[in-house]
Every structure is written in structure tokens, then in C-alpha cells.
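Asker: the following comprises the amino acid sequence and a computationally predicted model.
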Amino acid sequence: MASGYGLNGGVSRCFPYWQDLLGCYIVNTSDGSTEGRWRCIPQKNDYTECLHHNKEAAKTKAIRAAYLRHASEGGAGIPGTPEGGKPGDAKSVGVLSK
């Protein structure tokens, strides 16, 4: 939340990152010059990631694509996959097949 307060009245999840960014910006800039703001790029990236989760989403997409690619090649070695089957196929444990 923009106010710094979270849903339950405490600080929001990204407020500490905002404080780091603001502190860096205040220390590295002056009234007439904003030349030092490039030093705050890591803090800005951390704050933006906390807000939007872009890197996390990209990593999740890459993991899912690798999983699906591996599953389409036969699925061997994927936990929960029946031998010779694909993810989502039902396994028979022999309880109902009498």
C-alpha cells in the first residue's frame, strides 16, 4: 500500500525496500543535482521486484516450460508421473481393480 501500512495495520511487505530506496536517494542526491541517483539502481530494482514480482514470474515460467518440455519427452524421472505415462495420468494401485 502506498501509505506504508499493510492490510492488517502493520507495515506493508515492500515498505522496508522503499525505505532503503529513499535513504539511498537522499544520501546520494543534493538540492541542485540528481547525478548520484544511479547509485540507487539496486535498491530500485529490489523495490520494483517486491511490488511486481517480475523476476519471480519469469523464473516460474522458465521452470514450468522446462517441466512441460521434459514431460513431453516421456516424463521419466518426474515425481508423481506413472512409468511410461504423462503427468496427470491416473495411477493404478490395485485397490479397486478386483
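Answerer: Thanks, I have the structure now. Please read all numbers here as calculations on a predicted model, not as lab measurements.
Asker: just give me the neighbour total for Cys14.
Answerer: 19 (other Cβ atoms under 10 Å). Using the backbone N, CA and C atoms, a C-beta is placed for each residue, glycine as well.
Asker: isn't it right next to Thr48, touching?
Answerer: No. At 9.3 Å, Cys14 does not count as touching Thr48 under the criterion of Cβ atoms under 8 Å.
Asker: for the protein, what spans make up the helices?
Answerer: In the chain, helices defined by DSSP state H lie at 15-28, 41-52, 54-72, listed in chain order.
Asker: of all these, which one is nearest Leu7?
Answerer: Taking Cβ to Cβ as the measure, those were each checked against Leu7, and helix 15-28 came out nearest at 12.5 Å.
Asker: just give me how far the closest one sits from the chain centre.
Answerer: A distance of 22 Å separates the centroid of the chain from that of helix 15-28, by Cα atoms, centre = their mean, to the nearest Å.
Asker: tell me the buried residues in it?
Answerer: In terms of neighbour count (16 or more other Cβ atoms under 10 Å), helix 15-28 has its buried residues at Phe15, Tyr17, Trp18, Asp20, Leu21, Cys24, Tyr25.
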